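Peer 1: sharing a sequence plus its predicted fold:
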Amino acid sequence: MSKYNIVWFCADQLRWDTISGYGNTHIHTPNIDRLMATGTTFERAYSQSPVCTPSRASFLTGRYPKSARASINGNKIFSRDETLVTKTFRDNGYVCGLTGKLHLTSSSARDHQELRTDDGYTYFQWSHMGYDLWDRGVNNYMDWLEEKGVDWHSVYKAPVIDWPPKSNYPIPARIQGMPDEYHQTTWCVEKAIEFISTSVAEDPNRPFCISINPFAPHPPFDPPESFKQRLRIEDMPLPLWEEGELDNKPQSQKDSYFQGGQSGMLRSAVDVTDLEKKENTLEYYALVEHLDYQLGRLIDYLEDSGQRQNTIIMFMSDHGECLGDHGLFWKGGFFYECNVHVPLIFSCPGLIQEGLRSDALVELMDVAPTVLELNGLPVPQYMQAKSLAPILTGKSDPHFHKECVYAEYYYSALLSNKIYATMYFDGRYKMIVHHDDPISEFYDLEIDPCEFHNLWGDPAYRDLIFEYYRKCFDHAIIANEDTVLGEKAIF
């Protein structure tokens, strides 16, 4: 069979419910909606970790984060035992490129890009984020601005130029970001178009795979001013919050609320006003709308250049964003829907079902075996994920894929709040075991979809809680079975 090109667009920290096609009436995302109309949308897709590196390692390998030896956000190396799906594509005749962040290892050193494994990318335009925090020539986005004669420091205005901030970062950020034509998201898409154009010109019969990883809408919320002006603050929704909901929740959530999230990197949520919450949401929504606009440019290019018909487009995010829900901002060891429920869309004319909305439980790591199977390539035995190709091609029930989804957080952000937690969710009951706290979390999303009421300790749910506690523990053990060194031995 002929191989399809792959355009893999992964937003950073994008909530599933901040897309109009997913039901949000306060935002306009016509291009993401356009993908949904021409492809298959998974309405219940979940990240395997609520922070970047573990999640990205998982969906790039088809393995759970701890199995892939990548449970920390900021690890210095990535295991050479692990094989990225992009390397597999390279080894099977694809030319592979990346624009934006990779974030499988730490990106904090000023004098070099993050250390890479054999990732399969021959075109590598790296920019972890749109801040000028690296030496000249390291952040390729800054090189691009310099080529255009743009001085980032004279345009970008933020209350804190160091990143990450040391403490009390303001909410809302009130940043004057780069205009659309110079934004990091724009650069990511321009470089992706450059890669596709060059690849097709060099060999029109060779398939390509491009990973597009903008930093948006990750904090700091820095949308172009023109996109902020499209939104009205009075139209912005307030975060989910119920007075007293933190009383029976883990200490880490109380600390984030009272002392400030990310171990005090940002301001305490206690005195954030409703107006400020709406301002914060507006900044985030404006980033999402800008992301959508740039995605539209990319889709238009694929259509105009004749590549759309033989290209699989995947749109997703690595994890979500709390955005003030439950008194929490940004991310961390939290397994609320806002943080682990993510968008996942596949589109390819003639291959993938159009207009299908699947309510099956799926995991982001299922993407890796899916793209292999869609291109007729074998799925390696060490992948723990399950291909979505049968659903996408109409060969299996779109309402069922897995019994449950699983996620983990093993002190992943290396902050002072040492959270060790695992999540087991079967579509109704969500068990979050906090392995370092006497209080865990148990929610019935059928009667409490906003996850306000932690049922942990409720005598009426004692037996059910024990059952799901065991299920979560069992899944954690099974999910971390190490089969990467080969088939199981038979004695």
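Peer 2: Noted; the coordinates are in hand.
Peer 1: pull out the buried positions in stretch 250-259.
Peer 2: For stretch 250-259, the buried set under the neighbour-count rule, 16 or more other Cβ atoms under 10 Å, comprises Pro250, Ser252, Gln253, Asp255, Ser256, Tyr257, Gln259. In this view, the C-beta of every residue, glycine as well, is placed from N, C-alpha and C.
Peer 1: what about the helix or strand of the chain with the lowest mean pLDDT, distance to the chain center?
Peer 2: Ranked by mean pLDDT, DSSP states H and E, the weakest helix or strand in the chain is helix 261-264, scoring a mean of 90. What separates the centre of helix 261-264 from the centre of its chain is 20 Å, taken as Cα atoms, centre = their mean, to the nearest Å.
Peer 1: which residues does it contact?
Peer 2: Residues outside helix 261-264 that contact it (Cβ atoms under 8 Å, 6 or more residues apart in numbering) are 164, 167-168, 256, 269, 322, 328-330, 332, 413, 415-417.
Peer 1: now do 7 Å
Peer 2: Residues outside helix 261-264 that contact it (Cβ atoms under 7 Å, 6 or more residues apart in numbering): Ser167, Leu328, Phe329, Trp330, Gly332, Leu415, Ser416, Asn417.
Peer 1: how far away is Met129 from Pro219?
Peer 2: Noted for Met129: a distance of 10 Å to Pro219, by Cβ to Cβ, to the nearest Å.
Peer 1: got it, and Phe9?
Peer 2: For Phe9, the distance to Pro219 equals 20 Å [Cβ to Cβ].
Peer 1: neighbours of Asn454, how many?
Peer 2: Using other Cβ atoms under 10 Å, Asn454 has 21 neighbouring residues.
Peer 1: quick one: it and Glu441 touch, right?
Peer 2: Yes: counting by Cβ atoms under 7 Å, Asn454 sits close enough to Glu441 to count as a contact (5.1 Å).
Peer 1: anything in contact with each of these two?
Peer 2: Common contact partners of Asn454 and Glu441 (Cβ under 7 Å, 6+ apart): Lys249.
Peer 1: beta partners for Ser211?
Peer 2: Under DSSP bridges, the beta-bridge partners of Ser211 are Trp8, Leu98.
Peer 1: tell me if I'm right that it and Leu98 touch.
Peer 2: Yes: taking Cβ under 7 Å as the definition, Ser211 is a contact partner of Leu98 at 4.5 Å.
Peer 1: which parts of the protein are strands?
Peer 2: Per DSSP state E, the chain carries strands over the ranges 5-11, 40-46, 95-100, 121-126, 208-213, 311-317, 341-347, 356-363, 405-410, 420-425, 429-434, 441-444.
Peer 1: can you say which of those strands is nearest to Glu242?
Peer 2: strand 441-444 (12.9 Å; Cβ to Cβ).
Peer 1: can you tell me the strand partners of that closest one and which way each runs?
Peer 2: Paired with strand 441-444 in the same sheet, following DSSP bridges, are strand 429-434 (antiparallel).
Peer 1: which residues sit against the strand it pairs with?
Peer 2: Contact partners of strand 429-434, identified using Cβ under 7 Å, 6+ apart, comprise 250, 335, 421-424, 440-445, 468-469, 471-473.
Peer 1: 8 Å instead, please
Peer 2: Looking at strand 429-434 with Cβ under 8 Å, 6+ apart, the contacting residues turn out to be 250, 252, 335, 419-425, 440-445, 451, 464-465, 468-469, 471-473, 476.
Peer 1: same question, stretch 203-212
Peer 2: Taking Cβ under 8 Å, 6+ apart as the rule, stretch 203-212 contacts 3-10, 86, 89, 93-100, 102, 120-121, 123, 188-189, 192, 195-196, 199-200, 298, 375.
Peer 1: tell me, how many residues neighbour Pro170?
Peer 2: By other Cβ under 10 Å, the residues close to Pro170 number 17.
Peer 1: and Val272, by the same measure?
Peer 2: Other residues near Val272 come to 19 when the count uses other Cβ under 10 Å.
Peer 1: again with Glu194
Peer 2: By other Cβ under 10 Å, the residues close to Glu194 number 15.
Peer 1: what does Leu464 give?
Peer 2: Around Leu464 there are 15 residues (other Cβ under 10 Å).
Peer 1: quick one: contacts for it?
Peer 2: Contacts for Leu464 (Cβ under 8 Å, 6+ apart) come out as Tyr429, Phe442.
Peer 1: what are the ranges of the helices in the stretch 351-491 of the chain?
Peer 2: Taking DSSP state H, counting those that start in this stretch as the criterion, the stretch 351-491 of the chain contains helices spanning 367-374, 389-392, 462-479.
Peer 1: go through the ones you listed and find the least confident stretch.
Peer 2: Mean pLDDT is lowest for helix 462-479 among the helices of the stretch 351-491 of the chain, at a mean of 95.
Peer 1: so it versus strand 429-434, what angle?
Peer 2: Orientation of helix 462-479 against strand 429-434 (axes from the mean of the first three to the mean of the last three Cα atoms, to 10 degrees) gives an angle of 70 degrees.
Peer 1: between helix 462-479 and strand 420-425, how big is the angle?
Peer 2: Using the same axes, to 10 degrees: helix 462-479 against strand 420-425 is 110 degrees.
Peer 1: now stretch 174-194: buried residues?
Peer 2: Result for stretch 174-194 [16+ other Cβ under 10 Å]: buried residues 175, 177-178, 180, 182-193.
Peer 1: so which of those are in helices?
Peer 2: Judged by DSSP state H, the subset of these located in helices is Gln184, Thr185, Thr186, Trp187, Cys188, Val189, Glu190, Lys191, Ala192, Ile193.
Peer 1: how about the helices of the stretch 351-491 of the chain in JSON lines, adding distance to Ala109?
Peer 2: As requested, these are exported to JSON lines (distance: least, Cβ to Cβ, whole Å):
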{"stretch": "helix 367-374", "distance to Ala109": "28"}
{"stretch": "helix 389-392", "distance to Ala109": "39"}
{"stretch": "helix 462-479", "distance to Ala109": "32"}
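Peer 1: follow-up on the earlier one: more crowded one of Ser211 and Leu98?
Peer 2: Set side by side, Ser211 and Leu98 give different neighbour counts by other Cβ under 10 Å, the larger being at Ser211 (29 against 26).
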